[in-house]
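S.K.: here are the coordinates; sequence isn't available:
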């Protein structure tokens with residue numbers, strides 16, 4: 001039963017998206033649930049991991065470095081080229097570049113878990129790129145936009161600690177002491193994660209319903225292309241470098257899924273509300289595309 005529901009994950013995500021778009025009033029009241037649900041999902045991931053998983057990851061600094069380089073080289077460059085090609089206004093170009101210049105998002109860890117990728121590697125990559133983004137994101141903004149964007153350093157680090165590290169660490173500790181009990185219920189944790197991420201997608205779409213209904217099709221195309229380049233480029237560059245399928249999946253998800261929430265916050269604070277639009281649309285789309293690719297890869301696995 002759990003496997004059947006997991007395989008239909010992309011379908012549930014799309015149906016939830018349509019429902020939230022046409023009935024936003026049903027889900028917008030749950031806005032405050034987004035962070036607790038993310039924390040819960042990270043805990044569900046952590047409880048399926050062992051300390052040995054992270055020890056194994058730290059022995060592979062090369063792939064972490066490659067992924068981080070792809071994150072900060074491929075994504076902002078792709079955003080800039082797409083914006084120029086589709087003739088976006090300066091404000092939308094700024095928003096696209098900010099999406100490309102930020103770190104990997106927490107959602108990448110969730111999708112890696114559901115896609116049966118290397119979750120420990122994904123979490124490590126997210127933490128590394130988040131720490132580096134403190135320095136790298138402002139300079140990328142300066143390079144492509146011509147304006148230095150201050151990054152909320154302490155806020156980012158605290159958010160990463162609360163949403164990613166602490167719940168994962170708690171899950172790993174519980175798994176360490178109660179592994180025999182947990183191992184029999186791993187599918188249940190996967191199911192709870194799926195239900196949670198679908199609910200988050202619905203809330204995000206409900207909150208952005210008015211924006212979605214007023215933007216041009218070219219904006220959607222730009223965001224979809226940007227996400228696709230990250231997923232496709234991440235997977236096949238890792239594959240060309242000789243890495244196994246599981247690692248290639250992890251790199252693709254990490255590169256293709258950005259911390260769009262941070263991009264929205266930076267755009268709103270330092271530019272204009274219109275500059276926040278690409279980040280808002282990206283946050284919706286990468287969850288949908290991520291759920292589709294996770295459903296395909298988990299089924300294939």
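M.R.: Cool, the structure landed. Only a predicted model underlies this, so the values are computations on that prediction, with no experimental measurement involved.
S.K.: who touches stretch 58-70?
M.R.: With contacts defined as C-beta atoms under 8 Å, 6 or more residues apart in numbering, stretch 58-70 is touched by 57, 121, 124-125, 128-129, 132, 233-234, 237-238, 241, 243, 247, 250-251, 254-255. In this view, the C-beta of every residue, glycine as well, is placed from N, C-alpha and C.
S.K.: narrow these to just the buried residues.
M.R.: 57, 121, 124-125, 128-129, 233-234, 237-238, 243, 247, 250-251, 254-255 (16 or more other C-beta atoms under 10 Å).
S.K.: out of the contacts of stretch 58-70, which are inside helices?
M.R.: 57, 121, 124-125, 128-129, 132, 233-234, 237-238, 247, 250-251, 254-255 (DSSP state H).
S.K.: where's residue 118 relative to residue 112, distance?
M.R.: 7 Å (C-beta to C-beta, to the nearest Å).
S.K.: more neighbours: those two, which one.
M.R.: Per other C-beta atoms under 10 Å, whichever of residue 118 and residue 112 has more neighbours is residue 112, with 30 against 26.
S.K.: any residues in contact with both of residue 118 and residue 112?
M.R.: 249, 250.
S.K.: mind picking the two most distant members of the ones in helices among the contacts of stretch 58-70?
M.R.: 57 and 233 (21.8 Å; C-beta to C-beta).
S.K.: wait, isn't residue 169 in contact with residue 43?
M.R.: No: taking C-beta atoms under 8 Å as the definition, residue 169 is not a contact partner of residue 43, at 9.5 Å.
S.K.: more crowded one of the two?
M.R.: residue 43 (20 against 16).
S.K.: now the more buried one: closest residue in space that isn't a chain neighbour?
M.R.: residue 167 (4.0 Å; C-beta to C-beta, 6 or more residues apart in numbering).
S.K.: surely the one you found touches residue 39?
M.R.: Yes: taking contacts as C-beta under 8 Å, residue 167 lies within contact range of residue 39: 4.9 Å.
S.K.: can you map out the helices along the stretch 151-300 of the chain?
M.R.: Under the criterion DSSP state H, counting those that start in this stretch, the stretch 151-300 of the chain contains helices at 153-160, 166-177, 179-183, 186-207, 209-214, 217-240, 245-256, 260-270, 277-300.
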